[in-house]
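**Q** build me a model from this:
(one chain, ligands or ions: 1)
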Amino acid sequence: MSSSNFSELGLSISALKAVQHFGYEQPTPIQAKSIPILMDGKNLLGTAQTGTGKTAAFALPLISRLDNKQKSPQVLIVTPTRELTIQVAESFHRYAKFVRNFHVAPIYGGADMRSQLKALKRGVQVVVGTPGRLLDHISRRSLDLSDLRALVLDEADEMLRMGFIDDVETILSQIPETCQRALFSATMPGRIRNVTKQYIGDAETVAIDGKTKTVEKIDQQYITCKSHQKMDVLTRFLEVESFNGMIIFVRTKSSTIDITERLQARGYSTAALNGDLNQSLRERTINRLKKGQIDILVATDVAARGLDVDRVSHVINFDIPYDNESYVHRIGRTGRAGKTGKAILFITPKENRMLRSIERSTRQKISLMVPPSNKTISDGRIKRFFDQLSKNMEAAEFPELRSLINDFSRRNNIDMSDIAAALAYQSQKDLPILLPKDQASDFDVPDYGSGERKRKKNSKNTKGSKNAKNRKKDYQGKSRENKSKFGKKDQRSAMKPKATRKRKQRKKAES
Ligand code: AMP
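**A** So this is what the prediction gives:
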């Protein structure tokens, strides 16, 4: 059974409060399917990757089922890396915001042992950790798993890839028989299946990577940037792109409002469309877009369901959708009535797997777009500045103003070009036409979407693949080489012997 409402999933009041507090309107597909299973105490095998909302898919039900009388650890999450450990521990902290006396301990190598020992001694309900350090604590008896009620293996395929699978099996062999188990993995290679058979036992399976139909007439591109750069990238894009109507998709109600306000402040006629608006207000907002009274809608998936407006020329996926099907639904809001449309997807570095999954399921390439540079923006502003100047000069003569300026020039002995430059400066103060020179690092994030990284790894050509370079569409119409340091490092490590690489990877991940 899957539900489109959090309140129907059987979660505790405090978990529901958290969901509401963080502005989540509806469960993502992986959440709708997994939460009831985990709430029932059953084992689960989930095929899902980062970005699908899988952390909340296990955190919310496990938080809901905590026993507030038990002092020893109740829930253990095993993750492949220190970063993921921190991230998952933070998510538990967030989702347990309304649970009294809640404690979670992140446990990973390279960090101070004493503070971890202290945290475990004080008593925690949830432990999140990497396999090596967890085993350290188990053998020191500082981590007691004898009363564990639930265990989650997160990103199991990554743990296999990084050589942790034996450690994971050792941990699994030490948990109580009665402990509930869940395993999440983006892929299900044979070795993971074996672990599943041996240690997970009877489990319900959940997968969200369904096949979807292809989309035509829509030009699809993606931009790689870090989360905090998204707003900057969006405003750059809006400045250089000519569009008719636009829908910007985000994940939460609060984001619809936040982005709407920021765009309005920049002079765009924008409105928010979210589940808090009642049906008639929603229809009125959509009508305003239809009539051209507003040009941009910032929407959540729920609110934009069934939205059919011919003048939508662009769909921006500001936040990546949770599954491939939503992606197809979202971009289908453009390219209506036989018109062509454009869909832009913002990808943060950790979401590259989802990009590839979307490409696979739609069987279409999404090409890389480099965010408009300062130079491109500057060129546009200069052109508009002079166009406006020429228009003004054609429209009227301004004899009084001219004699005023002539007088000023004569009296003060100032050259006309100096006066013109000062006037230009004055008129562009709010929107400078000359921007600083581009820095190579402005949007220099690793780009390994669309299998590009794989190609580089297999390639002996350390200068990067020609195809990869050619796929990038820059606003200046040039192909630009990916200069990311990450890329270079990646190529270097690709040439190291496999065993050394694995050892190094393991060390790095845990510390
Ligand atoms: P994850 O796949 O667990 O890494 O989650 C990806 C992102 O989605 C996180 O930033 C979450 O805060 C966000 N998220 C998770 N579930 C929901 C939801 N139901 N509605 C909106 N955002 C969500």
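**Q** so how far is G53 from the residue of the stretch 151-300 of the chain found nearest the ligand?
**A** Taking Cβ to the nearest ligand atom as the measure, the stretch 151-300 of the chain has R251 as its residue closest to the ligand, at 4.0 Å. Any C-beta I mention is one placed from the backbone N, CA and C, and that applies to glycine too. According to Cβ to Cβ, to the nearest Å, R251 and G53 sit 9 Å apart.
**Q** related to what we said a few turns ago, got a list of what the residue of the stretch 151-300 of the chain closest to the ligand touches?
**A** By Cβ atoms under 8 Å, 6 or more residues apart in numbering, the contact list for R251 reads 24, 300, 319.
**Q** considering only those residues, which also neighbour the ligand?
**A** Y24 (Cβ under 6 Å from any ligand atom).
**Q** for I138, pull up the helix or strand it's in.
**A** helix 131-139 (DSSP states H and E).
**Q** confidence score at E481?
**A** pLDDT, E481: 33.
**Q** contacts only, for G51.
**A** So G51 contacts 320, 322, 350-351, 353-354 (Cβ under 8 Å, 6+ apart).
**Q** distance to the ligand added to those, as TSV?
**A** Below are the contacts of G51 laid out as TSV (distance: Cβ to the nearest ligand atom, whole Å):
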residue	distance to the ligand
I320	9
Y322	7
K350	8
E351	9
R353	11
M354	9
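**Q** can you redo these as JSON lines with secondary structure, pLDDT and neighbour count?
**A** Listed next are the contacts of G51 as JSON lines, based on DSSP: H, G, I helix; E, B strand; the rest coil; pLDDT from 0 to 100; neighbours: other Cβ atoms under 10 Å:
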{"residue": "I320", "secondary structure": "coil", "pLDDT": "94", "neighbour count": "21"}
{"residue": "Y322", "secondary structure": "coil", "pLDDT": "87", "neighbour count": "24"}
{"residue": "K350", "secondary structure": "helix", "pLDDT": "87", "neighbour count": "15"}
{"residue": "E351", "secondary structure": "helix", "pLDDT": "91", "neighbour count": "21"}
{"residue": "R353", "secondary structure": "helix", "pLDDT": "88", "neighbour count": "16"}
{"residue": "M354", "secondary structure": "helix", "pLDDT": "90", "neighbour count": "24"}
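**Q** tell me the two of these that are most distant?
**A** Y322 and K350 (14.5 Å; Cβ to Cβ).
**Q** just for the stretch 201-350 of the chain, where's the confidence low?
**A** Along the stretch 201-350 of the chain, the model assigns pLDDT under 70 to residues 209-216, 337-338.
**Q** how about the residues of it by the ligand?
**A** Residues of the stretch 201-350 of the chain lying near the ligand (Cβ under 6 Å from any ligand atom): 251-252.
**Q** mind jotting down where the strands sit in the stretch 201-350 of the chain?
**A** 204-207, 218-224, 245-249, 270-273, 296-299, 312-317, 341-347 (DSSP state E, counting those that start in this stretch).
**Q** save those as a markdown table, and put in mean neighbour count and distance to M416 too.
**A** Output for the strands of the stretch 201-350 of the chain, formatted as a markdown table (neighbours: other Cβ atoms under 10 Å; distance: least, Cβ to Cβ, whole Å):
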| stretch | mean neighbour count | distance to M416 |
| --- | --- | --- |
| strand 204-207 | 16 | 72 |
| strand 218-224 | 21 | 44 |
| strand 245-249 | 25 | 43 |
| strand 270-273 | 23 | 42 |
| strand 296-299 | 26 | 42 |
| strand 312-317 | 25 | 43 |
| strand 341-347 | 23 | 45 |
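**Q** which one of those lies nearest to F92?
**A** strand 204-207 (20.3 Å).
**Q** which other helices and strands contact the closest one?
**A** If you count contacts as 3 or more Cβ pairs under 8 Å, 6 or more residues apart in numbering; DSSP states H and E, strand 204-207 packs onto helix 29-39, strand 44-47.
**Q** which stretch among these comes nearest T285?
**A** It's helix 29-39; of the helices and strands packed on strand 204-207, that one is closest to T285 (Cβ to Cβ) at 26.0 Å.
**Q** after the host helix or strand of A56, next one along is what?
**A** Here A56 sits within helix 54-64, counting by DSSP H and E. Downstream of helix 54-64, the first helix or strand assigned by DSSP H and E is strand 75-78.
**Q** ok, P106 to the ligand distance?
**A** 16 Å (Cβ to the nearest ligand atom, to the nearest Å).
**Q** quick check, that residue in a helix?
**A** No. Using DSSP: H, G, I helix; E, B strand; the rest coil, the assignment for P106 is strand, not a helix.
**Q** can you pull up the bridge partners for it?
**A** Listed by DSSP bridges, the beta-bridge partners for P106 are V128.
**Q** distance to P61 added to the helices and strands packed on strand 204-207, as JSON lines?
**A** Output for these, formatted as JSON lines (distance: least, Cβ to Cβ, whole Å):
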{"stretch": "helix 29-39", "distance to P61": "4"}
{"stretch": "strand 44-47", "distance to P61": "10"}
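**Q** these: which one's closest to Q293?
**A** helix 29-39 (34.2 Å).
**Q** elements contacting that closest one?
**A** Helix 29-39 packs on strand 44-47, helix 54-64, strand 180-185, strand 204-207, going by 3+ Cβ pairs under 8 Å, 6+ apart.
**Q** can you name the next helix or strand after the third one?
**A** On the C-terminal side of strand 180-185, the nearest following helix or strand under DSSP H and E is helix 190-195.
**Q** so for that following helix, what's the average pLDDT?
**A** The model assigns helix 190-195 a mean pLDDT of 87.
**Q** take it, keep the C-alpha atoms, and write them as CSV.
**A** In CSV, the C-alpha atoms belonging to helix 190-195 read as follows (Å, rounded to 0.1, in the frame of the first residue of the first chain):
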residue,chain,number,x,y,z
GLY,A,190,25.1,-10.7,-6.2
ARG,A,191,27.2,-10.3,-3.1
ILE,A,192,24.6,-8.0,-1.5
ARG,A,193,21.9,-10.5,-2.4
ASN,A,194,23.9,-13.2,-0.5
VAL,A,195,24.2,-11.0,2.6
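**Q** mind listing what's buried along it?
**A** By neighbour count on 16 or more other Cβ atoms under 10 Å, the buried set for helix 190-195 is 192, 195.
**Q** can you list the residues that contact that helix?
**A** Taking Cβ under 8 Å, 6+ apart as the rule, helix 190-195 contacts 156-157, 160, 165, 168-169, 172, 183, 185.
**Q** how many residues are close by S255?
**A** 19 (other Cβ atoms under 10 Å).
**Q** residue contacts, the nearest residue to S146 once chain neighbours are set aside?
**A** Taking Cβ to Cβ, 6 or more residues apart in numbering, and ignoring the residues beside it in sequence, S146 has P176 as its nearest neighbour in space, at 6.6 Å. The contact partners of P176, by Cβ under 8 Å, 6+ apart, come to 145-148.
**Q** now with 10 Å, please.
**A** 145-149, 151 (Cβ atoms under 10 Å, 6 or more residues apart in numbering).
**Q** same thing with S173?
**A** Per Cβ under 10 Å, 6+ apart, neighbours of S173: 198-199.
**Q** point me to the helix or strand that includes the residue of the chain positioned farthest from its centre.
**A** Residue farthest from the centre of the chain, counting by Cα atoms, centre = their mean, is R411 at 60.7 Å. Secondary structure from DSSP H and E places R411 in helix 399-412.
**Q** what is the burial count for E261?
**A** With other Cβ under 10 Å as criterion, E261 counts 13.
**Q** shouldn't it be in contact with M231?
**A** No. Assessed by Cβ atoms under 10 Å, E261 is found out of contact with M231, at 11.2 Å.
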